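Everything below, folded, please.
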Amino acid sequence: MPEMTAKRPITAYTLTFNEAKQLRAVLESVAWADEIIVVDSFSTDGTVEIAREFNARVISEKFCGFGKLRNFALDAAKNDWVFSIDSDERCTPEFRKELDATLEAPECAAYFVPRRNQFLGRAIRYSGWYPDYRQPQVFDRKRFRYSEDLVHEKYKVEGSIGYFKNPILQFPFPDIATVMRKMDRYTSLMAERHYQDGRRAKFHHLALNPVAGFLKKFFAQQGFRDGTHGFMISAIYGYYTFLKYAKLWEMEMKAQGAGDDKTVTHQ
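Modelled structure (predicted):
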């Protein structure tokens, strides 16, 4: 008989801030992991207590950008192989089976995982939401690192990248109120990131980019095939784009105002 290769142990980690309503569900879906790490930004709603119910290692860190927080998790992990899962995502049995098989003899340093997104109670097939590959979620941490951006962090891999076939689930927007809360936070972070990078909001960013964003989602990414849900996603994406640049423009105006104030002299 051929010699069986043991599956490599894996650490699952997630980032949290006041995620008590959904943390139990995500941790239940990764309870099989050899180690669970929760990097928490000082939640006040019982998030940490729920994490400890699952014997998760809790690392408390003030929010300093998603990239830095993710790297804290990698540095703390006991195992080389890591599974990154957000608090609004859920592992599926099919994905776990493929993960176990892959880690018996991994051929790549990192793997993208397809995500089947749910929006207002419906699985979205188009609108750029499936398979929704954004960054590798299974990887060898010795050969993987995140950039230290505030939001939409990049990554660097030393080695090849593969793709899983079986998806995990994601529930990013259960209702419109959640959409608005997340949009407000992420547009602020993106505006700050752009400002720090020296980018400035021009008129065409405010007037044309939101329209282009809507058209991209609805037509180029076939959001129209998702019906009303696809239209809503496309409209939200267009508004997100506008709000991001509006906040960037506001930052510039405030900075100019502060500079003007410093130059005022009194006779």
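
now the strands for the stretch 151-267 of the chain?
Counting by DSSP state E, counting those that start in this stretch, one finds strands in the stretch 151-267 of the chain at the ranges 155-157, 161-163, 168-173.

for the ones you listed, which one ends up most surrounded?
strand 168-173 (a mean of 20; mean count of other CB atoms under 10 Å). From N, CA and C alone the C-beta is placed, and that goes for glycine too.

Name every strand pairing with that one and say which way it goes.
strand 89-90 (antiparallel), strand 115-119 (parallel) (DSSP bridges).

Now do the first one: everything it contacts.
If I follow you right, that is strand 89-90. Strand 89-90 has contacts (CB atoms under 8 Å, 6 or more residues apart in numbering) with 25, 26, 29, 115, 168, 169, 170, 171.

can you redo those as CSV with distance to residue 179 and pLDDT?
Putting the contacts of strand 89-90 into CSV (distance: CB to CB, whole Å; pLDDT from 0 to 100) gives the following:
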residue, distance to residue 179, pLDDT
25, 19, 97
26, 20, 97
29, 23, 98
115, 17, 97
168, 21, 98
169, 18, 97
170, 14, 97
171, 12, 95
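
farthest pair in those?
The distance between the two most remote of the contacts of strand 89-90 (CB to CB) is 15.5 Å, for 25 and 115.

closest to residue 258 among the contacts of strand 89-90?
residue 170 (40.4 Å).

how much space between that closest one and residue 198?
33 Å (CB to CB, to the nearest Å).

most packed of the strands paired with strand 168-173?
Of these, strand 89-90 is the most buried (mean count of other CB under 10 Å), at a mean of 22.

Throw the strands of the stretch 151-267 of the chain into JSON lines and include distance to residue 125, thanks.
Listed next are the strands of the stretch 151-267 of the chain as JSON lines, based on distance: least, CB to CB, whole Å:
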{"stretch": "strand 155-157", "distance to residue 125": "26"}
{"stretch": "strand 161-163", "distance to residue 125": "18"}
{"stretch": "strand 168-173", "distance to residue 125": "14"}
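
Out of the ones you listed, which is closest to residue 127?
strand 168-173 (12.1 Å).
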